[in-house]
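Novice: Sharing a model prediction with you, sequence too.
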Amino acid sequence: MFKVSLLAGRNAFKNVAIAQQFMKMSTASPQMIKVERVGANNHVGLITLNRPKALNALCVQLINEMNQTLIEFQKDESVRVVVVTGSEKAFAAGADIKEMAGRDFADVYSNAFLIDWTKLAEFRKPTIAAVNGFALGGGCELAMMCDIIYAGDKAQFGQPEINIGTIPGAGGTQRLTRTVGKSLAMELCLTGNRIGAQEALEHGLVSKVYPANELVEKAIKLADKIAEQSPLIVSMAKEAVNRAYETTLTEGLLFERRSFHTTFATKDRKEGMSKEGMAAFAEKRKPKWSSS
């Protein structure tokens, strides 16, 4: 009992240290990611994981820097889509083993280890993962948190945690199963085997495969196309599609229908988004979207 209390006390100090580290990073330039504004009208936020010597292994600092960037992108109305990528050699080869090696149960449980990894999945704007090279363990889980995955032709996906005596902890057993089905997900999680880009495409894990040197450009082009649409309607469509994984079919259909009805009204209820879209279609012009 006393030992557990001591551990809890030590973990509290660790939590304070992590929080202080995060506050420092929120005001400083990121060191482990590169952040750019790209696209035809600079409506696309590009986050590039940047730990090349560690194959972009996902450490606490990198995740915190990415989370802070996502907070800023969420506030910025001019950012409409976010693309996350790595290098041609590795999107992310997994969680940082060095950071995990010294942890015990009390440490990971009391610190809610990995809880900060959910920010990308919770991001309200569309996200695209442009995956080249290794997307293993936490790297595969990070890619699956995005709304769309484009893969380079040499990409490799897998959940090899079984090889180091643990299991996926950031969605690997859940998102992978919902995406590729129980049989393949079970095989990957129980063996640590990998699949290539083409097999990932065949099983629905990714939606497109491109040559590695064209991948990021293709992802940005897709982001530009999404950014042309009404930000509000895009957000509603994203939420409706995600509901398919979280509710029954009956509940999902009801949510979809209610969302569809909502597109006919703005806050002032004078002119709906659908009216502008339909008018623009009839007049053969581009719609002029508002954010209300």
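Specialist: Looks like it came in fine. Numbers count the residues shown, from 1 in each chain.

Novice: could I get stretch 120-135 in CSV with only the CA atoms?
Specialist: Written as CSV, here are the backbone C-alpha positions of stretch 120-135 (Å, rounded to 0.1, in the frame of the first residue of the first chain):
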residue,chain,number,x,y,z
LEU,A,120,-5.6,13.4,-34.1
ALA,A,121,-8.6,11.1,-34.1
GLU,A,122,-10.7,13.7,-32.4
PHE,A,123,-9.7,16.5,-34.8
ARG,A,124,-12.8,18.0,-36.3
LYS,A,125,-11.4,18.9,-39.7
PRO,A,126,-10.5,16.3,-42.4
THR,A,127,-7.2,14.6,-42.0
ILE,A,128,-5.2,12.7,-44.6
ALA,A,129,-2.2,10.4,-43.8
ALA,A,130,0.4,10.2,-46.6
VAL,A,131,2.2,7.0,-45.7
ASN,A,132,5.6,6.1,-47.2
GLY,A,133,7.9,3.4,-45.8
PHE,A,134,7.2,1.9,-42.4
ALA,A,135,3.9,2.4,-40.6
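
Novice: Tell me the buried residues in that stretch?
Specialist: By neighbour count with 16 or more other CB atoms under 10 Å, stretch 120-135 contains the buried residues 120-121, 123, 125-135. Using the backbone N, CA and C atoms, a C-beta is placed for each residue, glycine as well.

Novice: Would you mind giving those residues as TSV with distance to Glu99, secondary structure and pLDDT added?
Specialist: Shown next, in TSV, are the buried residues of stretch 120-135 (distance: CB to CB, whole Å; DSSP: H, G, I helix; E, B strand; the rest coil; pLDDT from 0 to 100):
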residue	distance to Glu99	secondary structure	pLDDT
Leu120	19	helix	95
Ala121	21	helix	94
Phe123	23	coil	96
Lys125	29	coil	98
Pro126	30	coil	98
Thr127	24	strand	99
Ile128	27	strand	99
Ala129	22	strand	99
Ala130	25	strand	99
Val131	22	strand	99
Asn132	24	coil	98
Gly133	21	strand	97
Phe134	18	strand	98
Ala135	19	strand	98
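
Novice: which of the residues you listed lies closest to Cys189?
Specialist: Ala135 (14.9 Å; CB to CB).

Novice: Apart from its neighbours in sequence, what residue is nearest that closest one?
Specialist: Phe91 (4.4 Å; CB to CB, 6 or more residues apart in numbering).

Novice: can you give me the mean pLDDT across the host helix or strand of Ala240?
Specialist: Element membership for Ala240 (DSSP states H and E) is helix 231-243. For helix 231-243, mean pLDDT is 93.
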